[in-house]
Each structure stands twice: as C-alpha cells, then as structure tokens.
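Asker: take this sequence and fold it.
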Amino acid sequence: MPVPSSAATRHFSGTYAEARRKFLEAAEARSARIESFVLEAHRGALGETLATDTAYIGTPGAAKLLIVSSGTHGPEGFCGSGCQVATLHDEDLLARLAAAQVGLLLVHAVNPHGFSHLHRTNEDNIDLNRNHIDFGAPLPVNASYAEVEPLVLPAQWPPSTEDDAAMNAYIERHGMRAFRAAVTAGQYGSPHGLFYGGTAPSWSNRTMRGILRRHGTAATHIGWIDIHTGLGPYGHGEKIYPGRNAPADLAQARAWWGADVFAPFDGQSASADVSGPAVSAVYDECTQASAALMGLEFGTLPDQEVLLRLRADTWLRSHPEAPQALKLGIRQQLREAFYCDNDEWKGMVLGQARVVLLQTLQGLKHAA
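Answerer: Predicted structure coming up:
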C-alpha cells in the first residue's frame, strides 16, 4: 500500500543540501553514531560542503548488520535519501531492529558530487557501479563500446535526424539487447564517455571500503540494500541481485526477498550485467560475513527516455560552450529521469522500501 502523501512528502528533498540536512537532523534525533567523510577538493552546486555521511544505530560491532545506501548514482539519491530519512522516523521498524539485535548502517550520498550537481557519475565522470573492480588485474574489455559511442554521443545536441538514423541502424543490425549491453555494461577506455569505470578506485570507492571496514568486520551476516532509480515500470521497485554469480548466494537472496529477485547475469533484470557494482566491495572488505545484496531499483520514465537524458548529460560535460538554456534543460531533464517529484511515486517508493527492509530484518534475524 502506498504511504499517505503527507507522510511521504516530508521525508524527501529538493536539493542535495536539503537532503543532507534532513538526514543528519533525523540521525541526531535518534542518537545515531554519525560520521562524515568530506570530499575536500570539490564544492556543491550551491557552494555547500560535499560529504558521504553515515548513521549507525545499534550495538557497535553487531553480528547482524543491515546496510542501506543512497546516491551511488548522483540524483538517484533523492529517492534513497527519502527512504533513509523515513527509516529514521520509523519507530516500529527501529524497535524491531533493536529487539533482533541487528545493527543499522545508513550510508547517505555515496556520490555526493553527482547528487548535488545532478550528474549520475562522480566528479571524474566515473560510474561508481563500474568502479569496484580489481584494478591490479587487466581492465574489463567492452569491445563494442567504441563503435556505439559516436552514435550515442554525436557532435551536436540534440541529435540530428541523421544521427538518430545511424543509431537505429545499429540497433536493427545487432538488436536492442546487444545495443544496451554495449552502451551500459561499462567501459574503461573513454573517460568522457558513458558508463565509464575509471582506471583506479575513486574517492567514493575508497570511502565506502573504509566504512565497511569500520562497521562490518565483526559481522557474521550482512544484508545490504542499495537504492536506485531509473529502470523499469513507473514506481515499481525491482529487486536486482548485484552479487557474484554463485547459485548459493542467489538462492539466499530469493529466500530472503522472494522469487522476484532478478539476476542481471541471467538476462532477467532491467539492469545490464555490469562490472564492478559498489556493493561487491563487501566481498573484499568483510570476507568473514555471509552477505545478501540487493539493488532496489524504482522505475521512473521509459528506459529509452532515461538513456536519452543520460546521453545528453554526458554530451554536456564535454561541451561547456553549450548555450545556457540547453544546459539548464539537460540538468532538469536528468533530475526528472531519476526522481519523480510527486506524492504518488514517493508513496509507492516508501511502501515498497519498508517491505524490503522488514524482509531483510527477518532474513538477518533467522540467519545462522
């Protein structure tokens, strides 16, 4: 059931700065242990400090740990932050966590620069869900990306009729699934391109790993919900399994959250099978723990429209000379691609997120 609109609206924010303030105020009111990790070299769109903030509630070093993260992809943080603030106001849920001796770790704004400046990627155009790989090994190869980049990032914006025709011809030859995989799976050779994974661990990557070491090294069981938006039907929360391709791990995720947990590597999910998702850091930093991982993905606009707006955003970063009206339009359209600023959508989000958190609590409570 959707949450009543008045309750839904108050937990969400219109800017990163407002979201951070609401999160910190709600965490302080709960006497949570708060830590802030400041992105020193950059400022926000309003001149504000940029930081990834954490709030921990429960006994330090709890054996059972529930993590909820937001803003891995910049403006997707509007949704995730709203869910985190709502959780901090949820007396019943917090009481259940305490009774079960489950620690709650909220990680607010994994990518604060993208959240504030309305970019899905970080300050270096790195997609954080392509950045958590072993950079000591050869970089993953996406051989098809070089061919599609000039099709999706043409010389001018908006694309011309000829640009659209060339892209559609590629899709007709190779199929939509192959096209989406070529564009979205991740690439490591074009720093100004789409879904760029970087050549070294990003600040957010290093920060998240430090947070895991701080809070997760004593845990025997971890449930991690990373909140996303932009894929799938409007308002629907798809349960995406972003963990390793191991039958036992996938079976555990479905035992906790239901048969409607979809794995990208099986071709079932709205998401591509990406390299280096942020949640995969748990396998490196908390090797002692059994981890159940979910990307909770809330739909906004049709997939191709979201991709079009991502293309525009990426194009704009390489074209600072673009007219101001075009810049503002692209920024606003990207925000709307990842955040539906209406009560109906927010209520759908909060209702489904709460169910997932209760399911995760039950999974952790009974884990042995």
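
Asker: confidence score at Lys7?
Answerer: Not Lys; residue 7 is Ala. Here, the pLDDT recorded for Ala7 equals 70.

Asker: compute the distance between it and Glu91, please.
Answerer: Going from Ala7 to Glu91 by CB to CB, to the nearest Å gives 13 Å. Quick note: C-beta positions are derived from backbone N, CA and C, even for glycine.

Asker: these two: which has the busier surroundings?
Answerer: Ala7 (14 against 8; other CB atoms under 10 Å).

Asker: quick one, helices of the stretch 251-368 of the chain?
Answerer: Assigned by DSSP state H, counting those that start in this stretch, the stretch 251-368 of the chain shows helices spanning 281-285, 303-317, 324-338, 343-366.

Asker: pLDDT on whichever strand or helix holds Ser116, on average?
Answerer: When elements are assigned from DSSP states H and E, Ser116 belongs to helix 112-117. Here helix 112-117 scores 98 as its mean pLDDT.

Asker: ok, residues contacting it?
Answerer: 15-17, 19-20, 39, 42, 44-46, 48, 50-52, 71, 73-75, 77-78, 109, 119-123 (CB atoms under 8 Å, 6 or more residues apart in numbering).

Asker: drop anything exposed from the residues you listed.
Answerer: Buried subset of the contacts of helix 112-117 (neighbour count, 16 or more other CB atoms under 10 Å): 15-17, 19-20, 39, 44-45, 48, 50-52, 71, 73-75, 77-78, 109, 119-123.

Asker: which ones among those residues are found in helices?
Answerer: Residues from the buried ones among the contacts of helix 112-117 lying in helices, with DSSP state H as the criterion: Tyr16, Ala17, Ala19, Arg20, Gly77, Phe78.

Asker: could you dump those residues to JSON lines with pLDDT and distance to Trp224?
Answerer: Below are those laid out as JSON lines (pLDDT from 0 to 100; distance: CB to CB, whole Å):
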{"residue": "Tyr16", "pLDDT": "98", "distance to Trp224": "22"}
{"residue": "Ala17", "pLDDT": "98", "distance to Trp224": "26"}
{"residue": "Ala19", "pLDDT": "98", "distance to Trp224": "20"}
{"residue": "Arg20", "pLDDT": "98", "distance to Trp224": "21"}
{"residue": "Gly77", "pLDDT": "98", "distance to Trp224": "16"}
{"residue": "Phe78", "pLDDT": "98", "distance to Trp224": "20"}
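
Asker: just send those back as TSV, with distance to Leu65 too.
Answerer: Listed next are those as TSV, based on distance: CB to CB, whole Å:
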residue	distance to Leu65
Tyr16	26
Ala17	29
Ala19	23
Arg20	23
Gly77	22
Phe78	25
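
Asker: pick the one among these closest to Arg209.
Answerer: Taking CB to CB as the measure, Arg209 lies nearest Gly77 of these, at 19.4 Å.

Asker: shouldn't that closest one be in contact with Glu18?
Answerer: No. The pair Gly77 / Glu18 is not scored as a contact, 11.4 Å apart, by CB atoms under 8 Å.

Asker: so what secondary structure elements neighbour the lengthiest strand in the chain?
Answerer: Criterion DSSP state E: the longest strand present in the chain is strand 221-234. Under the contact definition 3 or more CB pairs under 8 Å, 6 or more residues apart in numbering; DSSP states H and E, strand 221-234 sits against strand 64-69, helix 77-88, strand 237-240, strand 290-299, helix 303-317, helix 324-338, helix 343-366.

Asker: so which of the ones you listed gets nearest Glu149?
Answerer: Nearest to Glu149 among those is helix 303-317 (9.7 Å), distances taken as CB to CB.

Asker: residues of the closest one that come out buried?
Answerer: For helix 303-317, a neighbour-count test (16+ other CB under 10 Å) marks Asp303, Val306, Leu307, Leu308, Arg309, Leu310, Arg311, Ala312, Asp313, Thr314, Trp315, Leu316 as buried.

Asker: quickly check those for the two that are furthest apart.
Answerer: Farthest pair in those (CB to CB) is Asp303 and Leu316. Separation: 20.5 Å.

Asker: so for stretch 140-152, mean pLDDT?
Answerer: Mean predicted lDDT for stretch 140-152 stands at 96.

Asker: likewise for stretch 209-226?
Answerer: 97.

Asker: using the centroid of this structure, identify the residue furthest from it.
Answerer: The outermost residue of the chain, judged against the average C-alpha position, is Glu162 (33.8 Å), by CA atoms, centre = their mean.

Asker: who's in contact with Ala29?
Answerer: Residues near Ala29 by CB under 8 Å, 6+ apart: Leu88.

Asker: where does the chain have its least confident helix or strand?
Answerer: helix 5-11 (a mean of 77; mean pLDDT, DSSP states H and E).

Asker: relative to Gln84, how far out is the nearest residue to Thr9 once chain neighbours are set aside?
Answerer: Among residues not flanking Thr9 along the chain, Asp343 sits closest, at 5.7 Å (CB to CB, 6 or more residues apart in numbering). Per CB to CB, Asp343 is found 19 Å from Gln84.

Asker: these two: which has the busier surroundings?
Answerer: Between Asp343 and Gln84, Gln84 has the larger neighbour count (other CB under 10 Å), namely 29 against 17.

Asker: that one reaches Leu104, doesn't it?
Answerer: No. If you go by CB under 8 Å, Gln84 and Leu104 don't touch, sitting 10.0 Å apart.

Asker: what sits in contact with each of the two?
Answerer: With CB under 8 Å, 6+ apart as the test, Gln84 and Leu104 both reach Val68.

Asker: Pro159 - how many residues pack around it?
Answerer: So Pro159, with other CB under 10 Å, has 20 neighbours.

Asker: ok, back up a step: in the least confident helix or strand of the chain, which residues are buried?
Answerer: Quick answer for helix 5-11 (16+ other CB under 10 Å): Ala8, His11.
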